[in-house]
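[1] Here you go, sequence then predicted model.
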Amino acid sequence: MIFLTGGTGLLGSHFLFDITSSGKRVRALRRRDSDTNMVRKIFSYYSERPDPLFDLIEWVEGDLQDYSSIEDALSGVTEIYHAGAVVSFYPKDHKAMLNININGTANLVNLSLEKNIGKFCYVSSVGTLGRADHNGLTNEETHWQQTSKNSVYSISKYGAEREVWRGMEEGLNALIVNPSVILGPGFWDDHSGFFRLVWKGLKYYTRGINGFVDVRDVARAMRILMEKNLFNHRFIVSADNLSYQQLFSMIAKYLDRPAPSVNVPPIVSNIVWHIESVRSFLTGSIPEITKELANISNQQYYYSSEKIHSMLGFDLKPVEESVKEICGMFLKDMN
């Protein structure tokens, strides 16, 4: 039996579609308050008959921090795909994110060792890698550096990775996937927010550069790497390095919206997050921009997926092709 965490998220729902499309059954962990309807919607983007595929999913309730509930959920499991994590750049979420992402992963690793589970795929992030000097390409050998530029999310994923590497040292057959910024449809208010922002008339962009990748490619990479038993490795999965201006302009092109035209320099971003912090405190609302988001949006990162390409011949969809397809899905949802 295949076991997946994070099944109701953007990547998890696409992995569920990928794995059930091959006729395989899968057990997916969900929190008690999570909604599986979005997963069914994701399936409907790619299949005219999503229900038979959706029926191949066995949903189980549990919490990564609750050792006993996870232990019960792993009965009969032979391989684990761990994609569940808290993703947040808001200070109020930092403590919970560190606990869940690190301790939850430790629980899963320990249970995998205890139950002799044969395969383990951990979905991490390029945020756990070091940054190449002089805007060079970051690859799997560019190691983590402790710096004030690291987000708490990156710190939590790095801590979780260390638990997986520990598991490997203790005999766990595991591998790590490090995707860059994942682009995909459906979660327009959350993970797919770039599309919503441009649709609503985003005017601003920063000087930042980052790696981007289609969610379907990340799901496919997870499956194929596990099928090939490429354990004790990590793999960057990132299609193109683009500036935020380039990405937003692509999205604007396919949504028929004006492209953002006003550059926001770092000093202005710094002022904005301070203002947002005060507004959030006074109103009790969530800030639109935080210190971490402002910092990330102005950094310039470049990533290489040469390793997965050379070892597997794995080709990634160009970001513009992904954006065009996702924009088409967005427009259908808006009608």
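    Alright, I've got the coordinates.
[2] Could you double-check that M222 lies in contact with F15?
    Yes - M222 lies in contact with F15 (Cβ atoms under 8 Å); the separation is 6.0 Å. All C-beta atoms are positioned from the backbone trio N, CA, C, and that covers glycine.
[3] intersection of neighbour lists for those two?
    Y81, A83 (Cβ atoms under 8 Å, 6 or more residues apart in numbering).
[4] The nearest residue to R31 once chain neighbours are set aside: how many residues sit nearby?
    Of all residues not flanking R31 in the chain, D63 sits nearest, at 6.6 Å (Cβ to Cβ, 6 or more residues apart in numbering). By other Cβ atoms under 10 Å, the residues close to D63 number 15.
[5] give the contact list for D63.
    R31, S69, I70, G104.
[6] Could you do G104 as well?
    With contact set as Cβ under 8 Å, 6+ apart, G104 has these partners: D63, L64, Q65, G84, A160.
[7] tell me which of those residues is nearest to H94?
    A160 (14.6 Å; Cβ to Cβ).
[8] residues near that closest one, how many?
    27.
[9] Over to I224?
    I224 has 14 neighbours, counted by other Cβ under 10 Å.
[10] cool, the one 4 residues further on as well?
    Other residues near K228 number 11, with proximity taken as other Cβ under 10 Å.
[11] With the one 10 residues further on instead?
    The local packing count at S238 equals 27, with neighbours defined by other Cβ under 10 Å.
[12] For the stretch 1-150 of the chain, just list every one of the helices.
    Taking DSSP state H, counting those that start in this stretch as the criterion, the stretch 1-150 of the chain carries its helices at 10-20, 37-46, 50-54, 67-73, 94-98, 104-114.
[13] Quick check: phi and psi at the residue nearest to R31.
    Main-chain dihedrals, D63, degrees, to the nearest 10: phi -140, psi 130.
[14] Report how many residues lie close to V87.
    Neighbour tally, V87, other Cβ under 10 Å: 16.
[15] What are the neighbouring residues in contact with the closest residue in space to it that isn't next to it in sequence?
    Among residues not flanking V87 along the chain, Y153 sits closest, at 6.1 Å (Cβ to Cβ, 6+ apart). The neighbourhood of Y153, defined by Cβ under 8 Å, 6+ apart, consists of V87, S88, F89, M97, S125, G127, E292.
[16] Neighbour-wise, give me the winner out of these.
    The most crowded member of the contacts of Y153, judged by other Cβ under 10 Å, is S125 (23 neighbours).
[17] show me what contacts that one?
    Contact analysis of S125 by Cβ under 8 Å, 6+ apart lists Y153, S154, K157, N178, P179.
[18] can you list the weak-confidence ranges in the chain?
    134-135, 191-192, 265-296 (pLDDT under 70).
[19] Swap in 80 and give it another go.
    Applying pLDDT under 80 to the chain picks out residues 88-92, 131-135, 148-149, 190-192, 262-298.
[20] Okay, strands next: where are they in it?
    Remark: strands assigned in the chain by DSSP state E are 2-5, 26-30, 57-61, 79-82, 119-123, 174-179, 181-183, 204-205, 209-214, 234-237, 240-243, 262-263.
[21] a markdown table for these, including mean neighbour count and distance to S304?
    Formatted as a markdown table, those follow (neighbours: other Cβ atoms under 10 Å; distance: least, Cβ to Cβ, whole Å):
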| stretch | mean neighbour count | distance to S304 |
| --- | --- | --- |
| strand 2-5 | 24 | 28 |
| strand 26-30 | 22 | 31 |
| strand 57-61 | 16 | 34 |
| strand 79-82 | 25 | 24 |
| strand 119-123 | 24 | 19 |
| strand 174-179 | 25 | 11 |
| strand 181-183 | 24 | 15 |
| strand 204-205 | 18 | 24 |
| strand 209-214 | 23 | 9 |
| strand 234-237 | 24 | 6 |
| strand 240-243 | 18 | 9 |
| strand 262-263 | 10 | 27 |
